[in-house]
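**Student:** My questions are about this predicted structure, shown below with the sequence.
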Amino acid sequence: MIGTDAFQETPIVEVTRSITKHNYLVLDVEDIPRVVKEAFFIARSGRPGPVLIDVPKDIQQQMVVPNWDQPMRLGGYLSRLPKPPNQMLLEQIIRLISESKKPVLYVGGGCLNSSEELKRFVELTGIPVASTLMGLGSYPGSDEDFALQMLGMHGTVYANYAVDKSDLLLAFGVRFDDRVTGKLEAFASRAKIVHIDIDSAEIGKNKIPHMSICADLKLALEGLNSILEEKIRKLNLDFSEWRTELKEQRTKYPLSFKTFGDLIPPQYAIQTLDELTGGEAIITTGVGQHQMWAAQFYKYNRPRQWLTSAGLGAMGFGLPAAIGAAVAKPEAVVVDIDGDGSFMMNVQELATVRVENLPVKIMLLNNQHLGMVVQWEDRFYKANRAHTFLGNPANESEIFPDMLKFAEACGVPAARVAKKEELRAAIQKMLDTPGPYLLDVIVPHQEHVLPMIPSGGAFKDVITEGDGRTKY
């Protein structure tokens with residue numbers, strides 16, 4: 001009945017073509033073992049990505065004796081997978097490093113599978129590391145000697161300063177996203193750029209590199225480390241002066257926040273969670289201010305400890321992602337740091353959490369607004385509000401909707417905290433309670449995520465002061 005506009009027919013292969021790495025429409029039940037094997041191979045090899053398999057209802061209902069040993073038919077795909085990195089190109093990168101005075105590593109999601117190799121590379125070279133939102137955790141964030149934290153629109157001043165002043169930018173597993181680069185011509189304008197990525201489509205797409213390698217970053221780093229271990233004494237690499245310059249910037253422009261009476265600064269809530277979990281929790285987020293604060297104020301020391309929708313900006317991602325993490329790692333502490341706007345997108349998943357009895361903790365930074373949109377309204381649109389207040393206009397002093405009642409309806413223990421001195425005990429109780437728990441943390445909506453480089457701006461345009469209590 002495909003193509004007849006039958007009941008609930010949607011050409012899902014066509015609908016998802018632009019957002020999947022590959023997709024299949026199964027028309028022969030005998031093909032299912034091969035298709036599934038191929039789908040997992042494609043999803044995990046090269047640049048990882050989603051693969052969709054559409055199995056029509058008539059195929060689902062057929063009986064079959066499966067042949068599990070069917071070979072994959074991926075000749076074209078296999079021939080396009082990147083080859084191992086060229087030794088001569090790797091040696092050229094080492095030469096560029098030895099000639100530089102102010103090198104910086106710019107690492108992204110492509111580094112998550114090569115964290116150990118990256119750590120060894122930093123150990124051998126002494127080059128400081130700036131991470132994208134996706135790259136957090138690929139290098140330990142608590143290593144203040146080398147970790148510059150996140151760069152980009154809401155990155156640290158010192159990470160963006162490092163990229164701006166660098167003479168060599170080692171871009172590993174990144175895509176020069178607009179939220180990182182801002183104004184492309186001004187981004188790393190003094191630097192030679194080396195780009196290593198497994199996806200040839202990303203090389204030169206936004207920023208033309210001086211040198212590039214299309215290869216698996218793990219293999220490239222292994223090759224670079226091997227050359228460095230052999231030649232390290234001859235190279236005599238010393239970037240201590242450069243790191244001292246960056247430490248001065250860190251001291252001058254640290255990540256900070258203001259306190260207002262006994263109200264709870266959202267940044268302080270995340271900092272407290274970081275302390276109480278020893279930086280070991282798996283953190284998921286929705287999208288908005290809470291996401292940026294979670295990236296800034298929680299220190300990620302291992303890959304995939306930080307789960308966020310990043311460039312897709314998918315509000316509602318936090319709770320389902322936390323459910324997935326809790327199923328995959330039942331022994332881990334999993335905390336969904338969420339905003340009230342994002343949380344409302346998938347609030348029904350509280351029922352799933354309860355039914356499956358998953359130990360998902362939800363720390364809700366509730367400011368009764370769509371916080372990031374409010375921040376842009378404050379900064380760039382004279383504080384004109386476009387339906388960004390999420391409370392009840394008839395009674396603005398009341399917390400609305402009552403998140404505790406959603407939790408109660410699903411049998412999930414919950415509590416609300418609104419005073420700074422009560423926060424630590426409330427978070428500790430959330431962590432100590434077996435199974436799921438929701439903590440509704442009431443925070444002021446006037447807080448802004450800082451630093452901020454306005455969209456399309458450059459490092460010189462960075463904003464480090466102000467909030468919604470000021471007129472712009």
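**Tutor:** Looks like it arrived, so ask away.
**Student:** now the strands for the stretch 301-450 of the chain?
**Tutor:** 306-307, 334-339, 360-366, 414-417, 437-442 (DSSP state E, counting those that start in this stretch).
**Student:** my bad, should have said the stretch 1-150 of the chain
**Tutor:** Counting by DSSP E, counting those that start in this stretch, the strands of the stretch 1-150 of the chain are 22-25, 51-54, 103-107, 129-131, 147-150.
**Student:** would a markdown table of those strands with mean pLDDT be doable?
**Tutor:** Formatted as a markdown table, the strands of the stretch 1-150 of the chain follow (pLDDT from 0 to 100):
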| stretch | mean pLDDT |
| --- | --- |
| strand 22-25 | 97 |
| strand 51-54 | 98 |
| strand 103-107 | 98 |
| strand 129-131 | 98 |
| strand 147-150 | 98 |
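**Student:** Of the ones you listed, give the one that comes closest to residue 352.
**Tutor:** Of all the strands of the stretch 1-150 of the chain, strand 51-54 sits nearest to residue 352, with 22.3 Å by Cβ to Cβ. C-betas here are computed from N, CA, C, even on glycine.
**Student:** May I see the strands of the stretch 301-450 of the chain organised as JSON lines, with mean pLDDT and distance to residue 452 added?
**Tutor:** Formatted as JSON lines, the strands of the stretch 301-450 of the chain follow (pLDDT from 0 to 100; distance: least, Cβ to Cβ, whole Å):
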{"stretch": "strand 306-307", "mean pLDDT": "98", "distance to residue 452": "21"}
{"stretch": "strand 334-339", "mean pLDDT": "98", "distance to residue 452": "17"}
{"stretch": "strand 360-366", "mean pLDDT": "98", "distance to residue 452": "18"}
{"stretch": "strand 414-417", "mean pLDDT": "98", "distance to residue 452": "28"}
{"stretch": "strand 437-442", "mean pLDDT": "98", "distance to residue 452": "23"}
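**Student:** which residues touch the closest residue to residue 338 other than its chain neighbours?
**Tutor:** Closest residue to residue 338 apart from its sequence neighbours, by Cβ to Cβ, 6 or more residues apart in numbering: residue 318 at 4.5 Å. By Cβ atoms under 8 Å, 6 or more residues apart in numbering, residue 318 lies in contact with 284-286, 336-338, 342-343, 346, 362.
**Student:** Against residue 426, how distant is residue 318?
**Tutor:** Counting by Cβ to Cβ, to the nearest Å, the gap from residue 318 to residue 426 is 19 Å.
**Student:** ok, now residue 379?
**Tutor:** The gap separating residue 379 from residue 426 is 31 Å, by Cβ to Cβ.
**Student:** Check residue 72 too.
**Tutor:** Using Cβ to Cβ, residue 72 is found at 52 Å from residue 426.
**Student:** ok, now residue 347?
**Tutor:** Using Cβ to Cβ, residue 347 is found at 21 Å from residue 426.
**Student:** and if you look at residue 182?
**Tutor:** Between residue 182 and residue 426 the computed distance is 38 Å (Cβ to Cβ).
**Student:** what do you get for residue 432?
**Tutor:** 11 Å.
**Student:** So which of these two has more stuff around it?
**Tutor:** Between residue 432 and residue 426, counted using other Cβ atoms under 10 Å, the more crowded position is residue 426 (20 against 9).
**Student:** show me the contacts for the nearest residue to the more buried one once chain neighbours are set aside.
**Tutor:** The shortest distance from residue 426 to any non-neighbouring residue, by Cβ to Cβ, 6+ apart, is to residue 417 (4.1 Å). Residues counted as contacts of residue 417 (Cβ under 8 Å, 6+ apart) are 264, 423, 426, 439-442.
**Student:** same thing but 6 Å
**Tutor:** Neighbouring residues of residue 417 by Cβ atoms under 6 Å, 6 or more residues apart in numbering: 423, 426, 441.
**Student:** so how far is residue 317 from the most centrally placed residue in the chain?
**Tutor:** Nearest to the mean C-alpha position of the chain, counting by Cα atoms, centre = their mean, stands residue 134 at 3.4 Å. Separation of residue 134 from residue 317 (Cβ to Cβ): 13 Å.
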